[in-house]
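Student: Predicted structure and sequence below. I'll ask about it afterward.
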Amino acid sequence: MKTSVHIKRILVDCICLLYGLLFVYASVSKLLDFERFQVQLAQSPLLSAYAWWISWMVISIELFIALLLLYKRTRTIALFAALSLMSMFTAYIFIILHYSSFIPCSCGGILEKMSWDVHLIFNLVFVLLAIVALLLIAKQDGLMKRRLPIYAGGIAFLIVGSVSLVVVLFLSSEEIIHRKNPFIRRYPQSSIKEVQQVDLKFNSYYFAGAVGDVIYLGNSTDPLHLLAIDLQGRQKRIRLHFDHKNLGFQSIRIAIREEYIYLMDGTVPCIFRGNTKDWSITTQLKGMPRFTLAQPLDSTTIAFRNNTGANRAHILGVFYAGTSPKVDYAPWLLTPQIDGIFDTDGMLQYNAEMKILLYNYFYRNQFIVADTKGNLKFTGHTIDTITKAKIKVAYLKGNTERQMAAPPFMVNAMTATKKHLLFVYSKVPGRYDSEKVWQQSSIIDVYDLKKKSYVLSFPVYGNENKKIQALWVSSSHLYVIIDAELIIYKISGLLEKEMNKA
């Protein structure tokens with residue numbers, strides 16, 4: 001009998017020792033690389049909104065439990081606390097494996113080498129060890145016969161409560177990340193994979209459009225020549241046939257939409273349309289007002305922006321060509337904050353799959369979504385917290401001219417859209433973003449236009465730390481121009497799943 005009691009005591013002591021070693025090792029590993037641990041927590045689908053205080057709390061609790069396990073008087077309380085914490089860790093891993101959109105890592109030392117499935121089993125073993133130790137202590141203290149149901153019920157209640165707390169954290173963190181924007185980015189692994197690099201020779205190219213797997217690049221210095229490139233990097237130069245060259249063009253832009261090709265210059269102003277079968281541009285869409293931005297919607301409809309709003313402010317409109325051309329302005333779409341020109345500057349996009357117009361502001365965390373008639377559908381927000389444009393405007397010559405009085409604070413530098421997703425090249429670092437990554441790459445944030453929520457982010461690395469100059473997205477690939485180079489990436493991982501959602 002005494003031998004049995006002695007063995008049980010040794011078993012309890014061994015379990016307490018194992019827990020103590022585990023918690024000390026885990027907490028010290030986190031402290032030695034605390035910044036990395038905090039960043040990894042920020043990537044967690046469950047804990048990202050609470051990364052700052054959870055990072056300190058977990059380490060403190062682990063060390064405190066390890067200290068309590070040293071003393072027999074406090075080891076029962078310590079084992080209850082250890083059981084609760086390990087139940088939380090186990091629930092966390094289970095949710096990550098079965099309900100998370102992606103799998104991060106937030107462990108340290110040798111534990112980081114485990115797969116998530118092995119880690120789940122490892123944690124379950126320690127949960128069982130804690131239960132065994134608590135039951136052995138209860139038997140030693142004479143509680144088994146008298147209050148076993150109450151004691152066992154307490155253990156079960158503790159486990160259920162701990163798991164429930166993690167579930168609540170998961171649900172509330174998802175709501176905060178996706179809706180309330182505390183500006184914490186998520187970087188799932190392998191969102192894009194490089195498949196091709198193409199030397200363009202010149203840095204004056206921009207994306208004109210795409211047909212199938214062929215991307216077409218326009219050239220701002222040689223506007224009547226296009227460069228067609230397929231996914232294998234094979235190039236083909238195309239010369240456009242256009243006879244109206246005496247109209248005083250200053251800023252020609254080419255756009256390709258399915259079988260149509262458009263030549264546009266808002267300073268003339270004019271828009272000509274042709275066909276990609278023979279690359280001849282012959283038809284003029286007459287009646288087009290001056291514009292600073294334009295996006296063809298179909299063969300006879302153009303969304304545009306110009307400066308004919310109140311006090312020469314930016315205004316969006318839709319031009320309808322045909323026998324009786326007309327223009328419908330939508331002054332309610334752009335919201336001035338300072339001067340109506342610089343503060344409303346941005347990028348105009350057309351999403352053909354959803355048949356919507358997108359306008360992203362340069363200097364604030366807003367974008368607007370409207371239908372093709374200019375009716376506002378909703379106003380969205382990018383993940384950063386810059387709600388008001390940080391610019392200074394100088395008024396010259398009796399308020400007849402306006403100039404930037406200081407370098408503006410750029411928020412959203414570039415956009416692209418495909419299917420239900422919006423891609424935004426952001427210029428604002430997040431709370432836990434690595435400074436080194438920001439120096440070496442361009443960060444792309446992705447938003448779901450149907451759910452009106454943030455999805456994920458990924459870096460695009462440039463040669464010699466150069467940044468993105470142009471961005472285009474197809475249903476399967478991401479294209480970027482960096483300096484004089486076109487880089488083609490295959491969309492993969494979680495981003496591919498998001499892209500292919502119905």
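Tutor: It's in. Just so you know, these numbers come straight off a predicted model, no measurement behind them. Residues are numbered from 1 along each chain as shown.

Student: And for the closest residue to Asp339 other than its chain neighbours, the neighbour number?
Tutor: Leaving aside its chain neighbours, Asp339 sits nearest to Val393 (4.8 Å; criterion: CB to CB, 6 or more residues apart in numbering). Every C-beta, even on glycine, is put in place using the N, C-alpha and C of the backbone. Neighbour count for Val393, taken as other CB atoms under 10 Å: 17.

Student: Now that Val393 has come up, it's in contact with Pro336, right?
Tutor: No: Val393 is not in contact with Pro336 according to CB atoms under 8 Å; the separation is 11.3 Å.

Student: what about the helices in the stretch 1-150 of the chain?
Tutor: Taking DSSP state H, counting those that start in this stretch as the test, the helices found in the stretch 1-150 of the chain are 2-32, 34-43, 51-68, 75-99, 116-140, 144-175.

Student: Kindly reformat those helices as CSV containing mean neighbour count and mean pLDDT.
Tutor: What follows is those, written out as CSV (neighbours: other CB atoms under 10 Å; pLDDT from 0 to 100):
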stretch, mean neighbour count, mean pLDDT
helix 2-32, 16, 83
helix 34-43, 19, 70
helix 51-68, 17, 86
helix 75-99, 20, 86
helix 116-140, 17, 86
helix 144-175, 14, 77
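
Student: for the stretch 201-350 of the chain, what spans make up the strands?
Tutor: Applying DSSP state E, counting those that start in this stretch to the stretch 201-350 of the chain gives strands spanning 205-211, 214-219, 225-229, 235-239, 241-242, 253-257, 260-265, 270-275, 280-284, 293-296, 301-306, 315-320, 326-330, 346-351.

Student: Out of those strands, which gets nearest to Val24?
Tutor: Closest approach to Val24 among the strands of the stretch 201-350 of the chain (CB to CB): strand 346-351, 52.6 Å.

Student: thought Gly322 was touching Thr301?
Tutor: No: with contacts counted by CB under 8 Å, Gly322 stays clear of Thr301, the gap being 9.4 Å.

Student: Compare neighbour counts for those two and give me the winner.
Tutor: Legend: neighbour count by other CB under 10 Å for Gly322 and Thr301, higher for Thr301 (17 against 11).

Student: about what we covered before: now render the helices of the stretch 1-150 of the chain as JSON lines, adding distance to Ile184.
Tutor: Shown next, in JSON lines, are the helices of the stretch 1-150 of the chain (distance: least, CB to CB, whole Å):
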{"stretch": "helix 2-32", "distance to Ile184": "19"}
{"stretch": "helix 34-43", "distance to Ile184": "5"}
{"stretch": "helix 51-68", "distance to Ile184": "7"}
{"stretch": "helix 75-99", "distance to Ile184": "17"}
{"stretch": "helix 116-140", "distance to Ile184": "22"}
{"stretch": "helix 144-175", "distance to Ile184": "10"}
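
Student: Out of these, flag the one nearest Ser191.
Tutor: Between Ser191 and the helices of the stretch 1-150 of the chain, the shortest gap by CB to CB is with helix 34-43, which sits at 12.6 Å.

Student: count of residues packed around the closest residue to Glu259 other than its chain neighbours?
Tutor: Closest residue to Glu259 apart from its sequence neighbours, by CB to CB, 6+ apart: Thr276 at 5.4 Å. Counted with other CB under 10 Å, residues neighbouring Thr276 total 18.

Student: quick one: Thr276 and Ile256 touch, right?
Tutor: Yes: using CB under 8 Å, Thr276 makes contact with Ile256 at a distance of 6.5 Å.

Student: Mutual contacts of those two, please.
Tutor: Val211 (CB atoms under 8 Å, 6 or more residues apart in numbering).

Student: Can you get me a residue count around Leu486?
Tutor: There are 23 residues near Leu486, going by other CB under 10 Å.

Student: any idea how far it lies from Phe423?
Tutor: Distance, Leu486 to Phe423, by CB to CB, to the nearest Å: 17 Å.

Student: which residues are contacting stretch 434-450?
Tutor: Here stretch 434-450 has contacts from 39, 185, 351, 354, 356, 358, 369, 380, 382-383, 417, 420-426, 429, 433, 453-462, 465, 467-468, 471, 480, 495, 498, using CB under 8 Å, 6+ apart.

Student: returning to that earlier point: tell me, what's touching Val393 and Pro336 both at once?
Tutor: Common contacts of Val393 and Pro336, defined by CB under 8 Å, 6+ apart, comprise Asp343.

Student: Specify the next element, helix or strand, located C-terminal of the helix or strand bottoming out on mean pLDDT in the chain.
Tutor: Counting by mean pLDDT, DSSP states H and E, the chain has its least confident helix or strand at strand 401-404, which shows a mean of 64. Per DSSP states H and E, the first helix or strand lying C-terminal to strand 401-404 is strand 412-418.
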